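Asker: Any chance you could fold what I've pasted below:
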Amino acid sequence: MKRSTMAKIFIGIGGLYAVYGGLLFLLQRQMIFPRFMVGPPPENLTLPPNVDVVWIETSFGPVEAYLMLPDKDSAKEPVPMVLFAHGNGERIDFWPKAFYPFLDLGMGVFMVEYPGYGRSAGSPSQEAVTEVFVLAYDFLVSRKDVDSKRIIPVGRSLGGGAVCALAAKRPVKALILMSTFTSIRSFARRYLMPTVLVRDPFDNLSVVRSFEGPVLVIHGEKDETIPYRHGVTLFENAKNGKMITYSAGHNDCPPDWSAFFRDVEGFLRTFEILP
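Answerer: Numbers count the residues shown, from 1 in each chain. Predicted coordinates for the structure are as follows:
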């Protein structure tokens with residue numbers, strides 16, 4: 001009787017775990033890409049000056065992007081370009097004004113939306129996001145006003161996965177990773193799940209290990225969402241790495257945007273990406 005009871009208990013626990021695992025497997029993309037929590041974009045959106053809307057044609061429909069270029073009088077030569085990927089709980093609408101200081105440095109900024117976010121078609125996944133960012137890169141290098149040898153992807157949080165996926169497929173000058181993880185698989189233990197069930201692994205660590213260019217890692221030491229050790233591991237595995245630590249969590253990193261742009265400018269000049 002005792003053996004029979006124990007067997008039933010273990011079978012019951014196994015059944016509950018199977019249901020739990022099945023739900024996590026089915027819902028993981030909603031957890032990684034919580035686009036419905038971000039909310040729809042405003043119907044009558046007024047963009048700030050210097051922002052041009054670009055539609056990237058993908059295999060699943062058009063995806064929106066914002067192109068920002070420095071003043072033509074100050075940009076007589078092709079300009080270096082920041083290719084920005086935002087966090088999973090944001091839209092590109094949130095960011096143009098924050099990145100104006102890059103224009104003051106004589107750089108352009110290209111902000112690319114994720115599939116299914118805002119006004120963009122498709123559904124987000126690692127495959128779809130990678131397709132969008134590769135096409136965005138190809139759009140930039142086709143332009144005469146962009147220096148194709150100085151494209152610097154900047155990824156914030158989940159955006160680090162997007163830009164690392166791009167760097168695995170296209171040559172970029174440098175990588176800037178803000179509050180970024182080593183891999184989505186590294187979070188599987190938190191949910192008591194085997195890593196093989198992760199559908200969109202975004203293995204940033206393997207990309208950073210093989211990347212030959214400079215890598216700037218920025219992370220808050222109090223990050224409650226993506227622990228600080230992720231940033232340290234990325235930095236330690238970069239061939240040409242620099243790390244900047246802020247006294248901040250996840251959503252408030254960087255705590256001082258003026259200091260952030262000074263730090264980024266120093267990085268770009270150290271590696272002669274800017275003169």
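
Asker: Cys253: helix or strand, and which one exactly?
Answerer: Using DSSP states H and E, Cys253 maps to neither a helix nor a strand.

Asker: list the contacts for it?
Answerer: Cys253 sits next to Met178, Ser179, Ile218, His219, Gly220, Asp223, Tyr246 when contact means CB atoms under 8 Å, 6 or more residues apart in numbering. C-beta: built from backbone N, CA, C; applies to glycine.

Asker: and of those, the nearest to Leu268?
Answerer: Nearest to Leu268 out of the contacts of Cys253 is Ile218 (CB to CB; 13.3 Å).

Asker: Give me the next element, helix or strand, following the helix or strand harbouring that closest one.
Answerer: Using DSSP H and E, Ile218 maps to strand 214-220. As assigned by DSSP H and E, the chain's next helix or strand after strand 214-220 is helix 228-237.

Asker: For that next one, which helices and strands make contact with it?
Answerer: Contacts defined by 3 or more CB pairs under 8 Å, 6 or more residues apart in numbering; DSSP states H and E place helix 228-237 against helix 204-210, strand 214-220, strand 240-246.

Asker: Buried residues of it, list them for me.
Answerer: For helix 228-237, a neighbour-count test (16 or more other CB atoms under 10 Å) marks His230, Gly231, Val232, Thr233, Leu234, Phe235, Asn237 as buried.

Asker: can you tell me which of those lies nearest to Leu140?
Answerer: Nearest member of these to Leu140, counting by CB to CB, is Leu234, at 24.5 Å.

Asker: what's the neighbour count on Met111?
Answerer: For Met111, the count of nearby residues is 25 (other CB atoms under 10 Å).

Asker: swap that for Met31, sorry
Answerer: So Met31, with other CB under 10 Å, has 12 neighbours.

Asker: Tell me the backbone dihedrals of it, please.
Answerer: Met31 adopts backbone torsions of phi -80, psi -40, taken as degrees, to the nearest 10.

Asker: Leu177 now?
Answerer: Torsion angles at Leu177 (phi, psi; degrees, to the nearest 10) stand at phi -120, psi 120.

Asker: Return the distance of it relative to Asn88.
Answerer: Distance from Leu177 to Asn88, counting by CB to CB, to the nearest Å: 15 Å.

Asker: Neighbour count: those two, which is higher?
Answerer: Using other CB under 10 Å, the more surrounded residue of Leu177 and Asn88 is Leu177, with 31 against 20.

Asker: Okay, and the beta partners of that one?
Answerer: Gly155, Val217 (DSSP bridges).
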